[in-house]
Structures are given as structure tokens and as C-alpha cells.
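*Asks:* Provided below are the primary sequence and the corresponding predicted coordinates.
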Amino acid sequence: MVSGGVAANHYIRETLSNLCQAMQVNLRLPPKHLCADNGLMIAWAACLKSLFQEDYCIEELKVRPRWNIATRD
């Protein structure tokens, strides 16, 4: 079972589908319209980290709203 915003990603859905088919494993994917992203939770965690961790500089973060999942940089 795959859920959340990750489950809406076409590349992940296709890759997992191919892998599970090759391994003869059932894959359960919800419809894309039910796959919500948890961006607010991630943003809140970053805010808390910036408040309580002295060496954390939120201004130096790179924002990548369309970051290609195949890249590793």
C-alpha cells in the first residue's frame, strides 16, 4: 500500500507497479484525487527546527517545488 502525496507521483506509481508485477506482489494504490500532500506538516517541522536549532539557517534552504525525483543532488 502506498499513500499520501508520494502515491500521486507518476514516476513512483509506475516504478512500483513494474517492480511489484515483476515480483508477483499485489500493489494497492489509491486514486490520485485521494493522495494528499503533507506539505504543511513538513513546513511546520522546518519552522520548529529553525526556532530551536541554533546552527540551522532557513534562509539557506533551496526551494525545489518541481524537483525531479530521478536526481540525487
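*Replies:* Here it is on my side, so go on. Residues are numbered from 1 along each chain as shown.
*Asks:* ok, now which ones touch the residue nearest to residue 39 when sequence neighbours are not counted?
*Replies:* Closest residue to residue 39 apart from its sequence neighbours, by C-beta to C-beta, 6 or more residues apart in numbering: residue 5 at 7.4 Å. All C-beta atoms are positioned from the backbone trio N, CA, C, and that covers glycine. For residue 5, the contact set (C-beta atoms under 8 Å, 6 or more residues apart in numbering) comprises 35-39.
*Asks:* got it, and residue 40?
*Replies:* Applying C-beta under 8 Å, 6+ apart, no residues contact residue 40.
*Asks:* Ok, residue 12 next?
*Replies:* Listed by C-beta under 8 Å, 6+ apart, the contact partners of residue 12 are 2, 6, 69.
*Asks:* hang on, the earlier thing: now the residue nearest to residue 39, what are its backbone angles?
*Replies:* Residue 5 adopts backbone torsions of phi -60, psi -30, taken as degrees, to the nearest 10.
*Asks:* per-residue confidence at it?
*Replies:* Looking at residue 5, its pLDDT is 81.
*Asks:* where does this structure have low pLDDT?
*Replies:* 72-73 (pLDDT under 70).
*Asks:* Helices of that one, start to end?
*Replies:* 10-22, 39-52 (DSSP state H).
*Asks:* Buried deepest among those helices, which one?
*Replies:* Highest mean neighbour count of the helices of the chain: helix 10-22, a mean of 12 (counted as mean count of other C-beta atoms under 10 Å).
*Asks:* could you dump it to PDB, C-alpha only?
*Replies:* C-alpha atoms of helix 10-22 as PDB (Å, rounded to 0.1, in the frame of the first residue of the first chain):
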ATOM      1  CA  HIS A  10       3.500   9.200 -11.700                       C
ATOM      2  CA  TYR A  11       7.200   8.100 -11.700                       C
ATOM      3  CA  ILE A  12       6.800   6.300  -8.300                       C
ATOM      4  CA  ARG A  13       3.500   4.700  -9.200                       C
ATOM      5  CA  GLU A  14       4.900   3.400 -12.500                       C
ATOM      6  CA  THR A  15       8.200   2.200 -11.000                       C
ATOM      7  CA  LEU A  16       6.400   0.400  -8.100                       C
ATOM      8  CA  SER A  17       3.900  -1.100 -10.400                       C
ATOM      9  CA  ASN A  18       6.600  -2.500 -12.600                       C
ATOM     10  CA  LEU A  19       8.600  -3.800  -9.700                       C
ATOM     11  CA  CYS A  20       5.600  -5.400  -8.000                       C
ATOM     12  CA  GLN A  21       4.500  -7.000 -11.200                       C
ATOM     13  CA  ALA A  22       8.000  -8.500 -11.800                       C
END
